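K.L.:
have a look at this prediction, sequence included:
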Amino acid sequence: TNFRLVHRSMLRLLLVFAVGALAFNASDYNVVWTDVQPDRCSSGVCTWFNAMPVGNGDAAANVWFEPESGTVSVLLAQSASFDESGELSKVGLINVTLSPNPWHGGQGYSQTLDLASASVQLRFGTDNTVVTVQCAAAARNNPCTVQVQSPSTAYTVTVVVELVTPDPQQTTPAFNCDHYNISADVLLDDVSAVGADTLVFYHHHDAAGAYFVQTLRDENLSPAAAHVPNHFSNRTTGAVVFGSGFTRKAKDTLVSSSPSGQHLVVFSVLTSTAWDAYVPALKTAYQQGAPDPVAHTKWWTDFWQRSYIETNDTVVTRQFVLQRYLQACQMASPFPIKFNGLLFTAQKKPKMNFDQWGGLNWWQNARLPYYNMLNNGDADQLNWFIESYYNTFPLAQQRALIYFNFSNAAYWPEYTHPLLGNTHTSSYGCGRAGKTDPPIGYSEDRWNRFNNQGSLDLALFILDHYSFTQDTALFQKHYPIVKSVANYYMQRYAQQAGPMVLFPSQSCETWQCPGYPVDPKNCVQNDMPTLAGLTAVTNLSLLLAPAEDKAFWQQVQSKLPGLPVMPASSGHQQKLAPCEICPPHTSNVENTELYAVHPYRVAGVGKSAYFQEAITAFAEKRFTSDVGWNQNAMDAALLGMAQQAQKYVQARANTAPDAGYRFPAYMPHEQDYAPSADHLAVMNNALTYMLIQPVDDATGSVQLLPAWPCDWDVDFKVHAPQQTTITGSHKAGALTFTVEPASRKANVIVNKCQ
């Protein structure tokens with residue numbers, strides 16, 4: 001099917017007739033601009049200021065218009081696109097130029113992100129001179145398209161590919177000990193094996209896969225090479241560009257054969273480690289042609305209808321919708337959403353691939369988009385996140401075996417590369433290959449030396465996914481991660497009689513354990529995040545894990561000490577503590593005592609254990625900021641504090657975009673890098689928790705409106721454990737709702753607004 005044959009508005013109309021009236025109209029929150037503003041430069045980085053996002057979960061792109069040349073520019077990215085040094089790399093820049101230039105001084109111009117069709121639409125002219133250009137990434141498919149429609153004027157269209165890395169380079173990535181040779185991108189001279197009138201370009205790694213070899217060597221993990229696939233060997237990312245009625249004029253240029261009022265340009269992005277099959281795969285993509293527009297529009301219609309939270313605060317709702325859109329644009333392949341820039345940095349050379357903090361994922365940051373996904377019906381996206389860590393499970397197991405001689409155990413460090421599962425080599429320590437003092441399991445990075453509790457957070461995601469979806473096949477696949485992570489802690493900290501003692505340890509980055517050998521007077525014992533994580537994972541595993549493992553989880557439970565508490569300063573007897581024994585100084589701004597609230601939900605609304613201690617800890621929290629990955633908004637919601645959570649949510653929603661970007665959901669750097677993944681992700685989590693929270697009991701019950709302010713009206717459709725859907729509204733203090741299946745209504749605990 002050709003995009004030119006069915007207009008987007010007709011597609012939407014046909015779908016409305018097919019499925020009935022839409023309960024939620026995503027187009028109410030479209031982003032519309034009627035001018036083109038100058039690009040921006042700040043701190044040595046220049047950005048395409050007017051960039052707008054499209055994506056299909058794998059490939060994504062920023063789209064903007066250049067008035068001087070009449071060019072629609074598409075900066076392609078893909079979650080799987082890494083260079084030889086392990087850094088995320090853009091795929092290429094596609095420039096689609098219309099002649100004559102449709103700009104005409106901006107008369108009648110608009111640039112719209114149309115959420116219903118997940119496309120960027122450019123409109124030029126008025127009355128009978130209107131021309132539209134639409135760019136989309138086919139939903140859960142490969143191709144991206146640029147479509148030109150003009151009923152009155154015939155246009156010649158020229159397509160030019162600009163390479164991201166036209167020349168070979170040598171680089172030492174951030175937090176890395178080694179130099180890497182980066183090959184130049186290739187524009188194929190002879191495309192006969194793909195298609196005569198195509199453009200083919202790619203970035204190809206050599207067979208050695210140096211990052212794999214050198215990283216395992218540097219981190220004393222070379223024996224793992226026999227058990228872990230080398231995803232850098234012959235890794236190739238590129239695209240084939242083509243269009244009906246286009247002629248290849250040069251290896252980087254296509255031109256429409258004749259002027260016309262309708263044009264369609266297609267580019268299919270592909271990553272593979274099967275080098276011999278790469279060009280044939282591009283040929284297949286070319287032969288498949290343009291994607292099916294009906295399937296694309298139906299996917300996005302279904303997406304917007306399967307869940308929504310629409311409040312009478314339109315700024316909050318718009319940012320919630322845009323953040324959910326950005327997440328869906330990036331989450332249909334086994335690669336985490338990149339916390340530091342997403343796939344949507346829109347930076348000019350020489351900084352096109354730059355993002356602070358590098359190519360690895362930091363759990364503290366990378367985790368945040370996923371907490372709201374189950375309630376919002378996006379379990380498929382959460383599963384891709386779990387899959388990304390499942391793919392590095394072999395190295396997590398080998399690390400526990402090689403470093404500590406632990407069998408059937410696994411853990412991930414705070415920083416993890418999605419293709420291998422390694423940490424930063426400089427965090428481990430440069431020059432340590434083959435050396436055993438300090439012990440090979442010791443990391444020189446004081447910031448996260450003993451901070452592996454993200455592995456428990458991952459385990460809780462797996463358990464939650466099963467609780468909501470009841471997908472037995474996926475749970476059987478991923479459950480070994482849950483048990484292996486618990487086994488790591490049992491073997492490392494619970495070998496003595498009595499409760500386990502987490503020492504040496506640390507409480508995230510804030511309460512550390514510096515130096516080697518460890519000084520007991522300046523080191524954490526029994527940190528809250530790990531103990532809360534073990535408690536949460538054990539409690540839920542006793543409900544959900546296979547029956548044959550019940551004795552194992554009972555053993556884990558028997559070794560757990562209580563959560564750390566300390567005297568409160570406000571007259572209450574106790575409050576949650578960041579650690580049982582803490583060093584005298586802090587190094588970051590995490591309120592780690594509240595990890596018992598989020599992410600681990602040991603304390604919360606309707607849960608008697610530690611609830612008052614958590615309320616007091618929140619009131620007396622050391623760090624009050626709530627931007628980026630700070631979690632005060634989520635804690636307030638989970639503790640039932642409606643007005644406080646509302647203020648946090650509104651503050652985040654009203655945050656202006658980063659100075660280098662115009663798109664309202666491209667958030668500032670904060671602790672990440674712009675566009676930040678975390679700032680609005682935390683907002684979405686908090687808003688979701690205000691509306692619905694799991695009870696974590698045997699019947700999969702939920703709290704409805706546990707922290708909802710009475711002055712917010714809301715229409716909602718949200719999901720709950722055991723394949724439950726709750727649809728309703730809360731208007732002027734009155735709640736109405738239905739539950740599917742109806743038998744699950746008894747498991748919905750209704751709270752009053754506040």
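P.N.:
Yep, that arrived. It should be emphasised that the depicted structure is a prediction, and the values quoted were computed from it without experimental measurement.

K.L.:
which one's the longest strand in the protein?
P.N.:
strand 262-272 (DSSP state E).

K.L.:
show me the helices in the stretch 601-750 of the chain, by range?
P.N.:
611-619, 632-638, 642-653, 678-691 (DSSP state H, counting those that start in this stretch).

K.L.:
and of these, who's closest to residue 203?
P.N.:
Closest approach to residue 203 among the helices of the stretch 601-750 of the chain (Cβ to Cβ): helix 678-691, 28.6 Å. For glycine as for every other residue, the C-beta is placed from the backbone atoms N, C-alpha and C.

K.L.:
other SSEs contacting the closest one?
P.N.:
Helices and strands touching helix 678-691, by 3 or more Cβ pairs under 8 Å, 6 or more residues apart in numbering; DSSP states H and E, are strand 308-311, helix 314-330, helix 632-638, helix 642-653, strand 714-720.

K.L.:
try 6 Å this time
P.N.:
helix 314-330, helix 632-638, helix 642-653 (3 or more Cβ pairs under 6 Å, 6 or more residues apart in numbering; DSSP states H and E).

K.L.:
show the average pLDDT along the longest one.
P.N.:
Think helix 314-330. Averaging pLDDT along helix 314-330 gives 98.

K.L.:
gap between residue 648 and residue 583?
P.N.:
29 Å (Cβ to Cβ, to the nearest Å).

K.L.:
so for the two, which sits in the more crowded spot?
P.N.:
residue 648 (26 against 19; other Cβ atoms under 10 Å).

K.L.:
excluding its backbone neighbours, what's nearest that one?
P.N.:
residue 633 (3.5 Å; Cβ to Cβ, 6 or more residues apart in numbering).

K.L.:
that neighbour - how many residues pack around it?
P.N.:
When neighbours are counted by other Cβ under 10 Å, residue 633 registers 28.

K.L.:
what residues are up against it?
P.N.:
Residue 633 makes contact with 626, 648-649, 682, 686, according to Cβ atoms under 6 Å, 6 or more residues apart in numbering.

K.L.:
try it again with 8 Å
P.N.:
626, 645, 648-649, 652, 682-683, 685-686 (Cβ atoms under 8 Å, 6 or more residues apart in numbering).

K.L.:
among these, which two are most distant?
P.N.:
Top of the distance list for the contacts of residue 633 (Cβ to Cβ): 626 and 685, 12.1 Å.

K.L.:
neighbour count for the two, which is higher?
P.N.:
Between residue 626 and residue 685, counting by other Cβ under 10 Å, residue 685 is the more crowded of the two (27 against 23).

K.L.:
wait, what's in contact with the more buried one?
P.N.:
Counting by Cβ under 8 Å, 6+ apart, residue 685 has contacts 368, 371-372, 598, 633-634, 637.

K.L.:
okay if I get those residues as JSON lines plus distance to residue 98 and pLDDT?
P.N.:
As requested, the contacts of residue 685 are arranged in JSON lines below (distance: Cβ to Cβ, whole Å; pLDDT from 0 to 100):
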{"residue": "368", "distance to residue 98": "40", "pLDDT": "98"}
{"residue": "371", "distance to residue 98": "43", "pLDDT": "98"}
{"residue": "372", "distance to residue 98": "40", "pLDDT": "97"}
{"residue": "598", "distance to residue 98": "50", "pLDDT": "98"}
{"residue": "633", "distance to residue 98": "45", "pLDDT": "98"}
{"residue": "634", "distance to residue 98": "46", "pLDDT": "98"}
{"residue": "637", "distance to residue 98": "48", "pLDDT": "98"}
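
K.L.:
looking at those residues, spot the one nearest residue 544.
P.N.:
Closest to residue 544, out of all of the contacts of residue 685 and judged by Cβ to Cβ, is residue 371, at 18.3 Å.

K.L.:
that closest one contacts residue 599, doesn't it?
P.N.:
Yes - between residue 371 and residue 599 there is a contact at 6.7 Å, judged by Cβ atoms under 8 Å.

K.L.:
give the closest residue to residue 173 in space, chain neighbours not counted.
P.N.:
Nearest non-adjacent residue to residue 173 (Cβ to Cβ, 6+ apart): residue 85, at 4.7 Å.

K.L.:
just the buried residues of stretch 622-631, please?
P.N.:
Within stretch 622-631, the residues that qualify as buried are 626-631, counting by 16 or more other Cβ atoms under 10 Å.

K.L.:
tell me the mean pLDDT for it?
P.N.:
On average, stretch 622-631 scores 97.

K.L.:
same question, stretch 479-487
P.N.:
98.

K.L.:
same check, this time on stretch 247-256
P.N.:
98.

K.L.:
which outside residues touch it?
P.N.:
155-162, 187-189, 191, 196-199, 201, 241-243, 245-246, 257, 263, 265.

K.L.:
try it again with 6 Å
P.N.:
Residues contacting stretch 247-256 (Cβ under 6 Å, 6+ apart): 156-161, 187, 189, 197, 245-246, 257, 263.

K.L.:
quick check on the residues you listed: which are buried?
P.N.:
Using 16+ other Cβ under 10 Å, the buried members of those are 157-161, 187, 197, 246, 263.

K.L.:
which ones among those map onto strands?
P.N.:
157-161, 187, 246, 263.

K.L.:
tabulate those (TSV), appending distance to residue 492.
P.N.:
As requested, these are arranged in TSV below (distance: Cβ to Cβ, whole Å):
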residue	distance to residue 492
157	62
158	61
159	57
160	56
161	51
187	52
246	61
263	62
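
K.L.:
tell me which two of these sit farthest apart.
P.N.:
Longest span within those, Cβ to Cβ: 187 and 263, 22.0 Å.

K.L.:
residue ranges with poor pLDDT in this structure?
P.N.:
1-20 (pLDDT under 70).

K.L.:
swap in 80 and give it another go.
P.N.:
Applying pLDDT under 80 to the chain picks out residues 1-21, 127-128, 141-142, 570-572.

K.L.:
so in it, which helix runs the longest?
P.N.:
helix 472-493 (DSSP state H).

K.L.:
now the residue lying closest to residue 133 once chain neighbours are set aside: how far from residue 652?
P.N.:
Leaving aside its chain neighbours, residue 133 sits nearest to residue 122 (4.3 Å; criterion: Cβ to Cβ, 6+ apart). Residue 122 is 30 Å from residue 652, where distance means Cβ to Cβ.

K.L.:
same thing with residue 92?
P.N.:
Taken as Cβ to Cβ, the span from residue 92 to residue 652 is 34 Å.

K.L.:
and these two? Which one has more around it.
P.N.:
residue 92 (28 against 25).

K.L.:
follow-up on the earlier one: now, among the buried residues of stretch 622-631, which is nearest to residue 80?
P.N.:
Nearest to residue 80 among those, with distances taken as Cβ to Cβ, is residue 629, at 24.9 Å.

K.L.:
burial of the closest residue to the closest one other than its chain neighbours, as a residue count?
P.N.:
Leaving aside its sequence neighbours, residue 629 sits nearest to residue 678 (Cβ to Cβ, 6+ apart; 4.5 Å). Each residue near residue 678 was counted by other Cβ under 10 Å, and the total is 26.

K.L.:
I'd guessed residue 678 sits against residue 631; true?
P.N.:
No - if you go by Cβ atoms under 6 Å, residue 678 and residue 631 don't touch, sitting 9.8 Å apart.

K.L.:
now do the helices in the stretch 401-550 of the chain.
P.N.:
Counting by DSSP H, counting those that start in this stretch, the helices of the stretch 401-550 of the chain are 425-428, 454-469, 472-493, 528-544, 550-559.

K.L.:
could you do the stretch 151-300 of the chain as well?
P.N.:
210-218, 278-288, 293-306.

K.L.:
if we can go back for a sec, out of the helices of the stretch 401-550 of the chain, which gets nearest to residue 305?
P.N.:
Here helix 454-469 is closest among the helices of the stretch 401-550 of the chain (Cβ to Cβ), at 18.2 Å.

K.L.:
since that was my last question, I'll sign off now.
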